[in-house]
Structures are given as structure tokens and as C-alpha cells.
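A.B. asks: missing the sequence, but the structure's below:
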């Protein structure tokens, strides 16, 4: 079966999907990957084409392209570039040179599903919160430090002995924290830092997600990214969790071009 490989090259990880030519999701995967490390573990299929959304320095994309050539040979590789007038009616009023392809694709994934005003949260290495007005008009957004990066930054301010002591606690999964009546206060520095950052990040997302001239109560909330699970449990509102939202948007972005050219790319 001819397959298309979709790649989401984030700040600290590489996520992938394979899809049939009709868009059916066949496989998914994720790994921590750095261009300075070993070659990525790519799926064993031989794709017709590779579609990529990359954030960060262009050199990271070039390293991944070299790995793709070594693994698959001369397969066409197409990178998503944000457009002011995206498919499905998405309209961006933002510096496109500074707008990440992952944010753009996440917005497209929502616009493909609804025309209602929306808050789109991608909770990964950084947490991005983008606001969509009716019919796909982008109202702007916010960028917050992610959980692990924020914890690491604060921990570096402590004396070395304390950094070592609290490190195991800071590696704890937020899902394991007691959230029956909110995250309870900690009784040592590691617990206090982890629980404070978890609650603070959730509160910040909820606050900035409500900063719009649109009627906030009518806005749908859409969450994706590795930290979307625990984050959604701490938000005081119903949310839609879509793990593959960036891939859905990538498909929406490149499908019209594919149809026009009559090619897999």
C-alpha cells in the first residue's frame, strides 16, 4: 500500500505518522531525538513522500533530511511553511517568519473540524496558546515555558546539593500528583516546585486562553502535545484532546497542493 510519512520535528522530540494515500492513519511513533545524536529510528515502510513540520533552527531540518536520504533514498520531502491565507479559511495576522509550523498545523487541524471560535493549546517543550475567531480568523497567541523546561530553569538556581536532592521528584509524572481537590501543597522543595509549576502553568493557560474579544464562554478548547493529558485535567472547562492535531493540519495544508499536482507531494 502506498504510504505518506508525516514528521513533526519539535524542540526536543521527533513524532511521526504514516498514512495511506486516502489519509487513513496506519502507524504512529515518537522518540527523543537531537541532530547531534544518533540517527532517528524511522518507520520501515518505503513512503511515496515525506511531509514535515519543523520548529527551531533550519540546521535541524537539514540533519533530518540527510537521515531520510540515508534511510529511504531519493524520496520527495516537503516542509510545511505557514501561509497567511491557509486552507479551510484560516487567516493569520502574525509575522510568518516567527510563526512555528507546528502552531500553524494545529490551527488547521481545528479549522478542519469547526468554524466556532476556539482556543488551541499545544503543550510540549513550550506551551503555545492560540486564539481563533469565527470562521478561522487568528486573533493572536501566547507562548509559555513548558513544564520540564521551567522546572529545570528554577532548579538551576538552587545550590548543587539541593539540585541533586530534588531531581528525582522533579522527574515525577504530573499524572501521579493528587488532583482530587486540586494539586495539594508540597512538604519539601521538590514537591513544592513541581506542584507549584503544574498549578501555575494550568492557571496561566486558562487565563490567557480567555483573553479575547470573542465571547469566551462560546469558545471551544482544543489541546494537543505531550503534556495535554494532565493539563486538561486541571482546566476548569470541557476540552477536546486530539493527540495528532498537528498531523491532521499538515494533511490539510498539503492535500490541496497534492491534488493540483497529481503527485504524492
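C.D. replies: Here it is on my side, so go on. Small disclaimer: the values here were computed from a predicted structure and weren't measured.
A.B. asks: just for the stretch 101-250 of the chain, where's the confidence low?
C.D. replies: Low-confidence segments of the stretch 101-250 of the chain (pLDDT under 70): 179-182, 213-217.
A.B. asks: ranges for the strands of it?
C.D. replies: Assigned by DSSP state E, counting those that start in this stretch, the stretch 101-250 of the chain shows strands spanning 118-123, 126-132, 138-145, 220-224, 240-241.
A.B. asks: what's the closest of these to residue 103?
C.D. replies: strand 126-132 (5.3 Å; CB to CB). Heads up, the C-betas are built off the backbone N, CA and C, glycines and all.
A.B. asks: how big is the angle separating the closest one from strand 138-145?
C.D. replies: 160 degrees (axes from the mean of the first three to the mean of the last three CA atoms, to 10 degrees).
A.B. asks: helices or strands next to strand 126-132 in the packing?
C.D. replies: helix 101-111, strand 118-123, strand 138-145, helix 189-208 (3 or more CB pairs under 8 Å, 6 or more residues apart in numbering; DSSP states H and E).
A.B. asks: about what we covered before: save the strands of the stretch 101-250 of the chain as TSV, and put in mean neighbour count too.
C.D. replies: Shown next, in TSV, are these (neighbours: other CB atoms under 10 Å):
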stretch	mean neighbour count
strand 118-123	28
strand 126-132	24
strand 138-145	17
strand 220-224	22
strand 240-241	16
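A.B. asks: For residue 88, find the nearest of the ones you listed.
C.D. replies: That would be strand 126-132 among these, by CB to CB, at 11.2 Å.
A.B. asks: Now tell me what touches the closest one from outside.
C.D. replies: Contacts of strand 126-132 from elsewhere in the structure, counted by CB atoms under 8 Å, 6 or more residues apart in numbering, are 11, 100, 102-103, 106-107, 110-111, 117-122, 138-146, 149, 201, 205, 208-209, 211-212, 214, 219, 225, 227, 231.
A.B. asks: cutoff 7 Å now
C.D. replies: Here strand 126-132 makes contact (CB atoms under 7 Å, 6 or more residues apart in numbering) with 11, 103, 107, 110, 117-122, 138-146, 201, 205, 208-209, 212.
A.B. asks: Give the partner strands of it in its sheet and their orientations.
C.D. replies: Strand 126-132 pairs in its sheet with strand 118-123 (antiparallel), strand 138-145 (antiparallel), by DSSP bridges.
A.B. asks: Could you figure out how far it is turned away from helix 189-208?
C.D. replies: Using the same axes, to 10 degrees: strand 126-132 against helix 189-208 is 20 degrees.
A.B. asks: Now do strand 126-132 against strand 220-224, angle only.
C.D. replies: 150 degrees.
A.B. asks: List the contacts of residue 223.
C.D. replies: 121, 123, 231, 232, 239, 241.
A.B. asks: same deal with residue 71?
C.D. replies: Residue 71 makes contact with residue 42, according to CB under 7 Å, 6+ apart.
A.B. asks: Identify each buried residue in whichever strand or helix holds it, please.
C.D. replies: Assigned by DSSP states H and E, residue 71 falls within helix 58-72. Judged by neighbour count (16 or more other CB atoms under 10 Å), helix 58-72 contains these buried residues: 60, 61, 63, 64, 67, 68, 71, 72.
A.B. asks: what's the spacing between the residue nearest to the fifth one when sequence neighbours are not counted and residue 76?
C.D. replies: In space, residue 67 comes closest to residue 39 once its chain neighbours are excluded; the distance is 5.1 Å by CB to CB, 6 or more residues apart in numbering. Taken as CB to CB, to the nearest Å, the spacing of residue 39 relative to residue 76 amounts to 20 Å.
A.B. asks: Is it possible to get JSON lines of the strands of the stretch 101-250 of the chain that adds distance to residue 81?
C.D. replies: JSON lines is the format used below for the strands of the stretch 101-250 of the chain (distance: least, CB to CB, whole Å):
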{"stretch": "strand 118-123", "distance to residue 81": "18"}
{"stretch": "strand 126-132", "distance to residue 81": "17"}
{"stretch": "strand 138-145", "distance to residue 81": "16"}
{"stretch": "strand 220-224", "distance to residue 81": "20"}
{"stretch": "strand 240-241", "distance to residue 81": "27"}
